[in-house]
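Asks: A predicted structure for the sequence below; I have some questions about it.
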Protein chains: 2
Amino acid sequence: MPKLDLTTEEKILKAAEAIFLRDGYDGSRMQDIADEAGINKALLHYYFRSKDKLFEHVFDLKIGTFFPKADGVFDLDIDFTDKIGLIIEGYINLLRENPYLPLFVLNTVNNPEKSDFIKKLPIGLMQKIALNYFVELQKGKVRSINPMQFVMSIMGMCVFPFLAQPILMDTFGADKKAFDVLMEQRIEELKLYVKLILTP
Amino acid sequence: MPKLDLTTEEKILKAAEAIFLRDGYDGSRMQDIADEAGINKALLHYYFRSKDKLFEHVFDLKIGTFFPKADGVFDLDIDFTDKIGLIIEGYINLLRENPYLPLFVLNTVNNPEKSDFIKKLPIGLMQKIALNYFVELQKGKVRSINPMQFVMSIMGMCVFPFLAQPILMDTFGADKKAFDVLMEQRIEELKLYVKLILTP
DNA sequence: GTCTATATAAGGATAGAC
DNA sequence: GTCTATCCTTATATAGAC
């Protein structure tokens, strides 16, 4: 796959992203990245000095998309339940574009040598959801639950199918297309679950 | 940590499990496993021939615990909702004992070179849940949802916190003990969610 | 900036003594 | 069965020509 209109640095980052996300940090070879980029190994070091540094660049570029992006949602004049629904919809659609991202991030933060990468994660939305939940609870518009447990549940329900994609595809005899359809349908299913959980 | 009352083979398997689960296949070194077992590298090969073979032994030993074990549950004379509740309780308690297991399994099945390990997964319970769900649906005792999506959701809600444990501990400023308490509380929270989702 | 060639180290696997 | 010493391949990283 030629990327002739990109600068060398862009070619490297794009290739590194593909390889690191597919094979993980330990499983990736600088040679594989060079091949994917259509250049040679030495250039990787010329641009990024080391495998570690290259990895960190890739991580920084992708990290913004591990948590759902939904900054404007809480300014909308709709029910809290519908706001959560919009976040879920945006998140699943984002994961459909980046199916390998969750495993990549979770491996990184679970790697004892890379645990300080946790600090890079944008966890603001998680806290924002919990905060807004309490406001709604005061108004008596949502059931009394544990907001941390709720947020973990939302993320788990959105992320897990992508982590387990190979298992699910094998179990259901599905291909990539069928899996994607399943994820598209999942949006409405999860919106329903959220409504049932939150409605008092 | 000495394990003097174990046979050498047991010592190796125990050490290999610890290292493979912590560092993953690619991140693990035969030397690390030997050190952990208190023996030398050569013995690993004497007993298991290769790193690949050793890994497969560890995988086979642990794989039974990736999916919840709950064979007897469906014979009990209780509501379907309560059966699911028992499965969740058993599963989360199992994960509390094996917090690294989900990432280990998911990495393995997502590894292009180990994708045939998927065949080893005991997915029987997943199908059993879906099957029993349809029976209950006929009786009108549960809401009409998509059972596959539901099963994925249950697993995601149970498993995700353990995958994201380092993030959660950092975010909440919690230590291992506090995290474990959070997971214990999670059992009842998830039982509530299931009840709200399934009750017509 | 980009390449080829090479240094240096790490890691899996084996040989052979005990 | 267990050890030390070593082989051999692979991988990161650098040197130096163009």
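Replies: Right, received. Where do you want to start?
Asks: CA atoms for contacts and neighbours, from now on please.
Replies: OK.
Asks: surely A:Phe80 meets A:Glu136?
Replies: Yes: contact between A:Phe80 and A:Glu136 holds when scored by Cα atoms under 8 Å: they sit 7.3 Å apart.
Asks: who has more neighbours out of the two?
Replies: Under the criterion of other Cα atoms under 10 Å in any protein chain shown, the comparison of A:Phe80 against A:Glu136 puts A:Phe80 first, with 21 against 16.
Asks: contacting residues for the more buried one?
Replies: When contacts are counted by Cα atoms under 8 Å, 6 or more residues apart in numbering or on different chains, A:Phe80 touches A:132-133, A:136.
Asks: same question for A:Lys14.
Replies: Going by Cα under 8 Å, 6+ apart, A:Lys14 touches A:Ala37.
Asks: repeat for the one 5 residues further on
Replies: With contacts defined as Cα under 8 Å, 6+ apart, the neighbours of A:Ile19 are A:28, A:32-33, A:36.
Asks: swap the cut-off to 7 Å and go again
Replies: The contact partners of A:Ile19, by Cα atoms under 7 Å, 6 or more residues apart in numbering or on different chains, come to A:28, A:33.
Asks: what strand or helix carries it?
Replies: Under DSSP states H and E, the secondary-structure element containing A:Ile19 is helix A:8-27.
Asks: can that helix be said to contact DNA strand C?
Replies: Yes: contact between helix A:8-27 and DNA strand C is present through A:Thr8 (criterion: Cα under 7 Å from any atom of the strand).
Asks: now that helix: average pLDDT?
Replies: Regarding helix A:8-27, the rounded mean pLDDT is 98.
Asks: one more: stretch A:172-190?
Replies: Per-residue pLDDT over stretch A:172-190 has a mean of 96.
Asks: and for stretch A:33-53?
Replies: Taken as a whole, stretch A:33-53 has a mean pLDDT of 98.
Asks: residues making contact with it?
Replies: Stretch A:33-53 is contacted by residues A:9, A:11-12, A:15-16, A:19, A:30-31, A:54 when judged by Cα under 7 Å, 6+ apart.
Asks: which of those are close to DNA strand D?
Replies: When the contacts of stretch A:33-53 are filtered against DNA strand D using Cα under 7 Å from any atom of the strand, the residues retained are A:30-31.
Asks: so what's the residue count around the residue lying closest to A:Ile145 once chain neighbours are set aside?
Replies: On the basis of Cα to Cα, 6 or more residues apart in numbering or on different chains, the spatially nearest residue to A:Ile145 that is not a chain neighbour turns out to be B:Glu189, at 7.7 Å. The number of residues packed around B:Glu189, counting by other Cα under 10 Å, is 16.
Asks: show me how far stretch A:32-44 is from its chain's centre.
Replies: On the basis of Cα atoms, centre = their mean, to the nearest Å, the separation between the geometric centre of stretch A:32-44 and that of its chain is 26 Å.
Asks: how about the residues of chain A by DNA strand D?
Replies: Going by Cα under 7 Å from any atom of the strand, the residues of chain A near DNA strand D are A:28-31, A:41-42, A:45-46, A:49-52.
Asks: filter those down to the buried ones, ChimeraX style.
Replies: Once 16 or more other Cα atoms under 10 Å in any protein chain shown is used to decide burial, the buried members of the residues of chain A next to DNA strand D can be selected in ChimeraX as follows:
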select /A:28,29,30,41,51
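Asks: farthest-separated two in the residues of chain A next to DNA strand D?
Replies: A:Ser28 and A:Tyr46 (18.4 Å; Cα to Cα).
Asks: sorry, back to before: could you look up the SS state of the residue nearest to A:Ile145?
Replies: Reduced to three states with DSSP: H, G, I helix; E, B strand; the rest coil, the structure at B:Glu189 is helix.
Asks: one more: A:Met169?
Replies: Going by three-state DSSP, the state assigned to A:Met169 is helix.
Asks: ok, the residue nearest in space to the middle of chain A - contacts?
Replies: Chain A has A:Phe66 as the residue nearest its centroid, 3.0 Å off, counting by Cα atoms, centre = their mean. Each residue near A:Phe66 by Cα under 7 Å, 6+ apart is listed here: A:101-102.
Asks: between the residues of chain A next to DNA strand D, which sits nearest DNA strand C?
Replies: Ranked by distance to DNA strand C (Cα to the nearest atom of the strand), the residues of chain A next to DNA strand D are led by A:Ala42 at 4.7 Å.
Asks: any idea how far A:Ser28 is from that closest one?
Replies: Using Cα to Cα, to the nearest Å, one gets 16 Å for the distance from A:Ala42 to A:Ser28.
Asks: cool, A:Asp82 as well?
Replies: Counting by Cα to Cα - A:Asp82 and A:Ser28 are separated by 41 Å.
Asks: go on, A:Arg22?
Replies: From A:Arg22 over to A:Ser28 (counting by Cα to Cα), the distance is 8 Å.
Asks: next one: A:Lys51
Replies: 9 Å.
Asks: just to revisit the earlier point, helices - which of the residues of chain A next to DNA strand D land there?
Replies: Judged by DSSP state H, the subset of the residues of chain A next to DNA strand D located in helices is A:30-31, A:41-42, A:45-46, A:51-52.
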